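Student: From the sequence below, what's the structure:
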Amino acid sequence: MVLAYHEIVADHPSYSYSVAADRFASHLSLIESRKKADDPGVCAAQVTFDDGHISHYKHALPLLERFGTRAVFYVTAGWTGTQPEYMDVPQLRELVSLGHQVQAHGWSHKMLTQCTPSELYDELYRTKQVLEDRLGVAIEAVAVPHGRWNDRVLEMCASAGYRAVYVSEPGIGPMDRRGVCLTGRLMVTRRMSAQSLESFFMSGGRVTGLALLKNKMKHALRAVTGERLYHQFWRVAAADNQRAITLGPIKRQPRVLQLISSEGYYGAESMLVNLATSLDGAGCRNVIGVFRNGHNPHVEVGERARRNGLAVEVIPCSGRLDRRALRTIREIIYNRGIDIVHTHGFKANLYGALAGAPLGVPLFATYHLDWPDRGLALYGYHLLDRVILHCFRKVIAVSEPIARSLRRSGLGRKKILTIANGIDMVPFSSVPPSTADSKGPMVVGLVGRLTPQKGHRYLLQAAPAVLARFPNVKFVFVGDGFERDALEQTAVGMGLDRHVCFEGQRSDMPAVYASIDVLVLPSINEGMPMTLIEGLAAARPVIASAVGDVPKLIRHGETGLLIRPADSKDLETALIQLLSNPPMRATLAAQGRHWVCQNFSATAMAGRYRELYQEESARRCGGLSVSTTEAGG
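Tutor: Presented below is the predicted three-dimensional model:
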């Protein structure tokens with residue numbers, strides 16, 4: 001049997017959960033007499049205190065020492081040493097030195113069942129860490145503030161390393177539940193005499209009679225009014241006139257879940273890893289959540305993220321809407337204490353919204369490419385995605401054309417903003433010189449998914465005229481996709497099979513770019529292509545279609561050459577111009593690298609995203625104003 005006390009006062013308690021010192025002494029006398037009784041049927045009672053009131057030190061401790069009773073003090077860690085009404089760290093250390101225990105009662109006394117996932121994480125993990133660091137003792141038990149609990153709270157307690165959880169329902173346990181030992185406590189009130197306490201002991205710790213009826217009425221009222229209204233009612237009924245304590249938000253960087261469904265390691269994946277790596281370096285913790293799709297299990301982005309020292313969670317997913325995947329994402333949000341879910345792509349948008357929105361987690365989405373409306377299925381996905389995006393706090397476009405498309409689709413202007421992609425320049429800083437003047441063949445490279453959008457067929461159409469001028473040129477396609485078989489057959493049909501090489505997906509991209517003499521991207525639709533940013537950083541001369549925000553990267557004649565989209569003749573002319581002019585290639589390469597280093601670094605990109613995350617955290621983090629005296633502490 002476990003008794004829970006709040007304040008111990010010298011005399012004349014003013015509210016329900018304060019107990020006069022002389023009455024507390026009579027309780028201790030009864031408890032110690034029962035311990036001395038030579039009767040195996042007599043159950044010992046454990047004395048506990050909630051919140052860490054200074055009255056525990058001033059009034060309760062002398063009586064505990066007088067009767068030789070050892071107690072457990074559950075303290076609200078955020079109040080310790082910061083509020084004059086509560087004990088400080090030296091006083092808590094003194095309690096420990098005298099043989100008492102100090103355990104956890106949350107960080108800010110917030111009702112755990114009403115916390116967001118990140119708040120619940122902080123209430124449990126931060127409290128345990130801070131108390132263990134300050135006191136040098138193991139914190140393995142928590143008394144939940146206000147006595148409110150559910151299975152999710154118990155699971156999080158177990159995940160945080162607590163072995164025992166105490167609640168304000170005396171008829172519960174002790175029993176194993178959700179990985180912890182769950183035990184109820186009797187909340188001692190000012191009117192509870194030694195005689196009524198003895199009756200409770202004689203009943204074996206069961207609540208009976210009027211007390212049982214009172215508990216049932218409380219549960220019924222809470223079910224009807226809801227937790228918040230019930231809490232306000234309870235403060236009035238308990239005559240709680242104490243000052244409400246307001247704690248400012250915990251000062252830390254946001255924790256972000258970056259969610260993506262991938263078809264390989266391409267532009268969006270590269271941007272995500274660059275973003276998360278730079279954010280982690282600035283103290284903003286990121287978790288990469290990557291779907292392992294049953295039909296297309298590409299998790300290369302997760303492998304690359306792990307090599308960069310990032311936390312990775314792989315989410316098994318089968319079918320279009322997998323409930324197990326949704327549960328996994330919710331588990332990640334809780335167990336990682338996620339503040340923001342940041343999605344990349346339609347599937348991530350859908351699952352992120354369904355998993356995060358009901359938990360009150362802010363949602364951000366980055367649009368890497370405009371949705372093509374060709375085909376009924378794609379148009380349907382497009383419409384559904386636009387509806388989903390209305391649940392998001394911010395939608396980030398990687399280019400202004402994508403932002404305009406989002407605005408045309410009906411999203412509010414204040415919801416949309418543009419942040420250009422950026423990369424880590426270091427891997428590309430020591431790229432070997434071009435092999436254009438070497439004895440080997442010159443290489444024209446196209447890096448990207450093998451899909452119609454990237455315009456591979458226009459390069460194949462331009463190849464014969466280029467080969468007529470430069471017979472030793474080699475055309476290299478790096479990447480994979482559903483068009484590979486068709487493109488290989490086209491190359492064979494055009495008699496280009498000896499000059500065209502399909503490399504597939506490569507993980508050594510700096511080396512790939514170093515082997516290319518001219519980088520080509522004849523896309524018909526783009527946002528802010530990572531391939532071009534990487535190619536420029538590697539000091540490669542570039543030819544690209546003037547689509548999306550490509551003209552912001554490629555200044556025609558200064559940092560590369562621009563061509564008309566879907567125009568193989570224009571591409572043919574640009575290729576012949578560069579292949580026949582080595583000085584021009586060198587000049588464009590040098591100027592392109594300087595331009596991209598100045599304007600498209602991962603550090604600059606991450607800084608913009610970090611500002612967004614911090615603005616959202618500041619918007620949500622008001623001070624916490626909570627009562628200290630409701631049953632359950």
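Student: contacts, neighbours, all on C-alpha from now
Tutor: Will do.
Student: which residues of the stretch 451-600 of the chain fall in strands?
Tutor: 474-478, 500-504, 518-521, 542-545, 561-563 (DSSP state E, counting those that start in this stretch).
Student: count of neighbours near A538?
Tutor: 30 (other Cα atoms under 10 Å).
Student: for it, phi and psi?
Tutor: Here is the backbone geometry of A538 (degrees, to the nearest 10): phi -80, psi 10.
Student: Distance check, it against R191.
Tutor: According to Cα to Cα, to the nearest Å, A538 and R191 sit 79 Å apart.
Student: thinking again about what came up before, for S203, which of the strands of the stretch 451-600 of the chain is the nearest?
Tutor: strand 500-504 (75.2 Å; Cα to Cα).
Student: got the buried residues for that closest one?
Tutor: Residues 500-502, 504 are the ones in strand 500-504 that count as buried (16 or more other Cα atoms under 10 Å).
Student: Could you do stretch 6-25 as well?
Tutor: Across stretch 6-25, burial judged by 16+ other Cα under 10 Å covers 6-9, 13-21, 23-25.
Student: Could you single out the nearest of those residues to T559?
Tutor: Nearest to T559 among these, with distances taken as Cα to Cα, is H6, at 71.3 Å.
Student: For that closest one, which residues are in contact?
Tutor: Going by Cα atoms under 8 Å, 6 or more residues apart in numbering, H6 touches 17-19, 49-51, 53, 188, 629, 633.
Student: Quick one: mark the members of the residues you listed that sit in helices.
Tutor: Using DSSP state H, no member of the contacts of H6 sits in helices.
Student: pLDDT-wise, what's the bottom of the residues you listed?
Tutor: Of all those, the one the model is least sure of by pLDDT is T629, with 44.
Student: ok now do the residue nearest to Q46 when sequence neighbours are not counted, which residues does it touch?
Tutor: Leaving aside its chain neighbours, Q46 sits nearest to V2 (4.7 Å; criterion: Cα to Cα, 6 or more residues apart in numbering). Shown in contact with V2 (Cα under 8 Å, 6+ apart): 45-48, 170, 184-186.
Student: Got a ChimeraX select line for the buried ones in those?
Tutor: Restricted to buried positions by 16+ other Cα under 10 Å, the ChimeraX selection for the contacts of V2 reads:
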select :45,47,48,170,184,185,186
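Student: Of the contacts of V2, which belong to strands?
Tutor: Those of those mapping onto strands are 46-48, 184, 186, per DSSP state E.
Student: can those residues go into a markdown table with extra columns for pLDDT?
Tutor: Shown next, in a markdown table, are these (pLDDT from 0 to 100):
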| residue | pLDDT |
| --- | --- |
| Q46 | 93 |
| V47 | 97 |
| T48 | 97 |
| G184 | 93 |
| L186 | 92 |
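Student: any idea where the strands of the stretch 301-450 of the chain begin and end?
Tutor: Under the criterion DSSP E, counting those that start in this stretch, strands of the stretch 301-450 of the chain are mapped to 311-317, 340-344, 363-367, 394-397, 416-418, 443-447.
Student: how many degrees apart are the third one and strand 340-344 in direction?
Tutor: Between the direction of strand 363-367 and that of strand 340-344, the angle (axes from the mean of the first three to the mean of the last three Cα atoms, to 10 degrees) works out to 20 degrees.
Student: just checking, what packs against strand 363-367?
Tutor: strand 340-344, helix 346-356, strand 394-397 (3 or more Cα pairs under 8 Å, 6 or more residues apart in numbering; DSSP states H and E).
Student: Highest mean neighbour count out of these?
Tutor: Mean neighbours per residue, mean count of other Cα atoms under 10 Å, is largest over the helices and strands packed on strand 363-367 for strand 340-344, with a mean of 25.
Student: tell me the angle of that one relative to helix 346-356?
Tutor: 160 degrees.
Student: what pairs with strand 340-344, and is each one parallel or antiparallel?
Tutor: Strand pairing for strand 340-344, using DSSP bridges, gives strand 256-260 (parallel), strand 363-367 (parallel).
Student: Quick one: name whatever helix or strand follows the first one.
Tutor: To tie it back to what came earlier, the one meant is strand 256-260. Sequence order places helix 267-281 as the next helix or strand after strand 256-260, per DSSP states H and E.
Student: Run the chain-centre distance for stretch 337-353.
Tutor: From the chain centre to the centre of stretch 337-353 is a distance of 9 Å (Cα atoms, centre = their mean, to the nearest Å).
Student: mean confidence for that stretch?
Tutor: Mean predicted confidence for stretch 337-353 is 95.
Student: Would you mind extracting the C-alpha trace of that stretch into CSV?
Tutor: Presented in CSV, the C-alpha positions along stretch 337-353 are these (Å, rounded to 0.1, in the frame of the first residue of the first chain):
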residue,chain,number,x,y,z
GLY,A,337,10.5,13.0,-29.4
ILE,A,338,9.8,14.4,-32.8
ASP,A,339,8.8,18.1,-32.9
ILE,A,340,8.3,18.4,-36.7
VAL,A,341,7.6,15.9,-39.5
HIS,A,342,9.2,17.1,-42.8
THR,A,343,8.1,15.1,-45.8
HIS,A,344,9.5,14.7,-49.3
GLY,A,345,7.2,13.4,-52.0
PHE,A,346,3.6,12.3,-52.3
LYS,A,347,3.7,9.1,-50.3
ALA,A,348,5.6,10.7,-47.5
ASN,A,349,3.1,13.6,-47.5
LEU,A,350,0.2,11.1,-47.2
TYR,A,351,1.7,9.0,-44.5
GLY,A,352,3.2,11.9,-42.6
ALA,A,353,-0.2,13.7,-42.5
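Student: How about residues contacting the helix or strand containing R66?
Tutor: Under the criterion of DSSP H and E, R66 resides in helix 61-67. By Cα under 8 Å, 6+ apart, the residues outside helix 61-67 that reach it are 25, 28-29, 32, 70-71.
Student: if you look at the residues you listed, which of them are in helices?
Tutor: Using DSSP H to define helices, the subset of those located there is 25, 28-29, 32.
Student: Mark which of those are buried, thanks.
Tutor: Listed as buried from the ones in helices among the contacts of helix 61-67 are 25, 28; burial here means 16+ other Cα under 10 Å.
Student: Can you pick out the most distant pair from the ones in helices among the contacts of helix 61-67?
Tutor: Most distant of the ones in helices among the contacts of helix 61-67, by Cα to Cα, are A25 and E32, 10.5 Å apart.
Student: start to end distance for stretch 549-557?
Tutor: Start and end residues of stretch 549-557 are separated by 17 Å (Cα to Cα).
Student: avg pLDDT for that stretch?
Tutor: 92.
Student: want to try CSV for the contacts of H6, with distance to L575 as columns?
Tutor: Shown next, in CSV, are these (distance: Cα to Cα, whole Å):
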residue, distance to L575
Y17, 84
S18, 85
V19, 88
F49, 80
D50, 77
D51, 74
H53, 78
V188, 86
T629, 77
G633, 75
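Student: from the contacts of V2, which is closest to P358?
Tutor: Relative to P358, the closest of those is G184; by Cα to Cα it sits at 29.7 Å.
Student: Quick one: residues contacting that closest one.
Tutor: Applying Cα under 8 Å, 6+ apart, the residues near G184 are 2, 166-174.
Student: Report the beta-bridge partner residues of it.
Tutor: V167.
Student: Next, find the distance separating it from A4.
Tutor: 10 Å.
Student: cool, R66 as well?
Tutor: When R66 is compared with A4 (using Cα to Cα), they lie 19 Å apart.
Student: wait, is V102 part of a helix?
Tutor: No. Counting by DSSP: H, G, I helix; E, B strand; the rest coil, one finds V102 to be strand, located in no helix.
Student: what is it paired to in the beta sheet?
Tutor: Here V102, judged by DSSP bridges, has bridge partners F73.
Student: Hmm, T76 and it touching each other?
Tutor: No. With contact defined as Cα atoms under 8 Å, V102 does not reach T76; the gap is 10.5 Å.
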